[in-house]
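1. Mind folding the following:
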Amino acid sequence: MTIRSWRLTLFLILTLAVPLASSLTAAEEDTAGAGRPVVARIVVDGPISPVSADYIQKNIEKAAEQKLDLIIIQLDTPGGLMTSTREIVKSILGSQVPVAVHVAPPGARAASAGVFITMSAHVAAMAPGTNIGAAHPVNIGGGNPFSPKKEEEKDKGEGEEGKPEGETGREGEGEKKPAETDESVMAQKVINDTVAFAKSIAEKQGRNAEWAEKAVRESVSVTETEALELNVIDLIAEDVDDLLAAVDGRKVKISGEEVVLAVKGAEVMDRLMGFRHRILSSLSDPNIAYILMMLGIYGLFFELANPGVILPGVLGGIFLVLAFFSFQVLPINYAGFLLIILAIVLFILEVKVVSYGMLSVGGAISLFLGSMMLFETGEPYLKVSLSLILAFTLTTALFIVVGLTLVIRSQSRKPTTGAEGMIGERGVATTDIKNAGKVRVRGEIWSASSKEPISIGDQVVVLGLDGMVLQVGVEKEEKS
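-> Take a look at the predicted model:
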């Protein structure tokens with residue numbers, strides 16, 4: 001058999017083997033645990049974002065396709081975006097497979113967005129040493145529009161008998177009750193909408209709707225034992241085996257029909273985040289997004305300062321694209337972002353305009369303030385670490401100081417080349433010079449001219465340069 005025939009045979013074997021292996025793998029997944037119940041477990045550990053929403057949705061759909069008996073979402077989250085939370089809740093409520101949310105391991109929490117996800121599950125469970133609650137919505141710009149300060153301002157508008165001060169009979173001494181601002185009205189609408197969302201979920205799954213409202217309006221939070229007593233969750237389970245044993249035989253409603261869970265001793269398949277979801281999840285971290293943005297800025301700055309290097313510009317462009325992807329899933333404060341853009345402009349102008357560092361100083365200040373404001377929210381997990389901001393700002397400032405020092409030194413240094421470099425050089429006359437003659441300077445013979453007579457062998461100093469003719473004078477000896 002020739003080499004060409006061997007290659008053709010090998011190609012055909014590989015062509016047939018790949019789809020065959022894929023079909024065998026799929027068949028194994030479909031028949032895994034044949035004769036015994038099969039349960040899938042996914043782990044959500046971190047803020048709720050579009051990435052985690054996509055991860056949960058994909059696994060719920062896959063579980064329905066494979067007709068699994070139960071899907072468990074192991075949850076530990078400080079909260080997240082409401083849009084992503086609503087997508088997850090819709091997927092859970094519309095799932096054709098029973099969904100159990102297990103707040104675990106011990107020490108985990110289901111805060112803010114985690115409250116809605118937990119309460120929407122067909123089975124809600126918590127591990128010992130966990131907590132749930134604090135679902136009050138937070139403004140993108142940070143702060144609470146219903147702060148005690150605003151409540152006090154409202155109270156100041158009341159007189160001694162519960163009337164506005166302007167109606168107490170003493171003219172000019174009272175103030176009218178301040179009108180509600182558009183910001184407070186909008187915030188009230190957001191809270192009312194979130195309360196209705198929480199109550200509808202709780203009522204649909206037969207849980208405590210009154211507590212759900214308090215979790216939103218008053219940010220109440222409870223332990224696992226309190227949550228069980230208040231009918232916020234269904235049970236307390238130490239681990240997955242404990243959970244499966246506890247829910248076995250429980251009745252849940254799927255699409256309006258009662259389904260009895262038979263999952264005791266089930267085979268548990270862990271479906272952790274794949275490489276794609278892990279990468280996207282990392283990019284949604286505000287610290288990673290900030291690092292990518294700063295590396296992109298540095299790359300473009302070096303490329304503009306040294307055109308033709310190419311690599312810094314290419315890497316800078318890639319980093320900036322990744323940073324902009326991260327910004328799509330993060331609450332960006334546009335004032336902070338514009339300050340960072342201003343810093344970039346100032347750094348670029350520093351390369352083109354001689355400002356002796358003033359533009360760079362302004363850029364560093366703008367960069368620091370913009371970085372502090374970039375993810376200004378009420379949630380700490382959506383903020384950039386202060387130490388990271390200081391590290392990048394100080395690094396930028398140090399780079400500017402070192403670069404500026406080198407520029408000033410190079411400008412103040414005496415020229416050593418060209419016409420300017422010849423002025424002040426010493427030499428010796430190789431001929432008599434009345435109007436013209438020859439001198440040796442730097443080991444080279446130059447044509448020279450002088451306004452005063454110079455004898456052969458006299459020491460001369462270069463006073464100027466006219467074309468290729470040196471203008472020289474007699475070097476005078478210094479008096480001791």
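
2. show me the contacts for residue 36.
-> 265-267 (C-beta atoms under 8 Å, 6 or more residues apart in numbering). Using the backbone N, CA and C atoms, a C-beta is placed for each residue, glycine as well.

3. quick one: secondary structure of residue 365?
-> On the three-state scheme (DSSP: H, G, I helix; E, B strand; the rest coil), residue 365 is labelled helix.

4. quick one: pLDDT of it?
-> At residue 365, the model reports a pLDDT of 86.

5. In helices, which of the contacts of residue 36 fall?
-> Of these, none are assigned to helices by DSSP state H.

6. between these, which is closest to residue 79?
-> residue 266 (31.0 Å; C-beta to C-beta).

7. Return the residues in contact with that closest one.
-> Listed by C-beta under 8 Å, 6+ apart, the contact partners of residue 266 are 33, 36-39, 69-70, 244.

8. Mind jotting down where the helices sit in the stretch 1-150 of the chain?
-> Assignment of helices within the stretch 1-150 of the chain using DSSP state H, counting those that start in this stretch yields the ranges 3-31, 50-65, 82-93, 113-120, 148-156.

9. follow-up on the earlier one: so which of the contacts of residue 36 sits lowest on pLDDT?
-> By pLDDT, residue 265 ranks lowest within those, coming in at 83.

10. my read: it touches residue 39, true?
-> No: at 10.2 Å, residue 265 does not count as touching residue 39 under the criterion of C-beta atoms under 8 Å.

11. who's more crowded, those two?
-> Applying other C-beta atoms under 10 Å to residue 265 and residue 39 shows that residue 39 carries more neighbours, namely 24 against 11.

12. which residues does that one bridge with?
-> When assigned by DSSP bridges, residue 39 has beta-bridge partners residue 70, residue 268.

13. hang on, isn't it packed against residue 269?
-> Yes: Residue 39 is in contact with residue 269 according to C-beta under 8 Å; the separation is 7.1 Å.

14. Buried ones among the contacts of residue 266?
-> Among the contacts of residue 266, the ones that count as buried by 16 or more other C-beta atoms under 10 Å are 37-39, 69-70, 244.

15. picking up where we left off before, which neighbours do residue 265 and residue 39 share?
-> Counting by C-beta under 8 Å, 6+ apart, the residues touching both residue 265 and residue 39 are residue 244.

16. Dig out what residue 131 forms beta bridges with.
-> residue 109, residue 223.

17. So what does the closest residue in space to residue 453 that isn't next to it in sequence look like in phi/psi?
-> Closest residue to residue 453 apart from its sequence neighbours, by C-beta to C-beta, 6 or more residues apart in numbering: residue 434 at 5.4 Å. For residue 434, the backbone dihedrals (degrees, to the nearest 10) come out as phi -100, psi -60.

18. ok, residue 434 touching residue 451?
-> No: if you go by C-beta under 8 Å, residue 434 and residue 451 don't touch, sitting 10.3 Å apart.

19. picking that back up, which single one of the contacts of residue 36 is nearest to residue 216?
-> So of these, ranked by how close each gets to residue 216 (C-beta to C-beta), first place is residue 266, at 35.0 Å.

20. sorry, back to before: and the gap between the residue nearest to residue 453 and residue 448?
-> Distance of residue 434 to residue 448, given as C-beta to C-beta, to the nearest Å: 11 Å.

21. Between these two, tell me which one has more neighbours.
-> Between residue 434 and residue 448, counted using other C-beta under 10 Å, the more crowded position is residue 448 (24 against 11).

22. What's the separation between that one and residue 456?
-> For residue 448, the distance to residue 456 - C-beta to C-beta - is 12 Å.

23. Can you pull the residues that touch both of the two?
-> Common neighbours of residue 448 and residue 456 (C-beta under 8 Å, 6+ apart) are residue 429.

24. what sits against residue 219?
-> If you count contacts by C-beta under 8 Å, 6+ apart, residue 219 has them with 133-136.

25. Surely it is in a strand?
-> No: applying three-state DSSP, one finds residue 219 to be coil, outside a strand.

26. before we move on, back to that, residue 442: which of the buried ones among the contacts of residue 266 is nearest?
-> If you rank the buried ones among the contacts of residue 266 by distance to residue 442 using C-beta to C-beta, residue 39 comes first, at 88.2 Å.

27. Where does the record place the domain boundaries for this structure?
-> The chain breaks down by automatic domain parsing into domains covering 33-149+181-276, 285-412, 418-474.

28. By mean pLDDT, show me the worst of the ones you listed.
-> domain 285-412 (a mean of 78).

29. Give me the distance between it and the centre of its chain.
-> Taking C-alpha atoms, centre = their mean, to the nearest Å, one finds the center of domain 285-412 at 14 Å from the center of the full chain.

30. Quick check: residue 272 vs residue 59, distance?
-> 10 Å.

31. Pull up the overlap in contacts between these two.
-> residue 42.

32. how many other residues sit next to residue 195?
-> Counted by other C-beta under 10 Å, the residues lying close to residue 195 total 20.

33. hmm, back to that, for the contacts of residue 266, give me TSV that also has distance to residue 426.
-> Shown next, in TSV, are those (distance: C-beta to C-beta, whole Å):
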residue	distance to residue 426
33	96
36	100
37	99
38	95
39	93
69	98
70	95
244	96
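
34. closest to residue 89 among the residues you listed?
-> Scanning these for proximity to residue 89, where the rule is C-beta to C-beta, the winner is residue 70, at 18.2 Å.

35. Can you give me every residue that contacts that closest one?
-> Listed by C-beta under 8 Å, 6+ apart, the contact partners of residue 70 are 37, 39-40, 97-100, 244, 247, 261, 263, 266.

36. and the gap between the residue most central in space within the chain and residue 384?
-> Nearest residue to the geometric centre of the chain (C-alpha atoms, centre = their mean): residue 286, 2.3 Å. Separation of residue 286 from residue 384 (C-beta to C-beta) stands at 5 Å.
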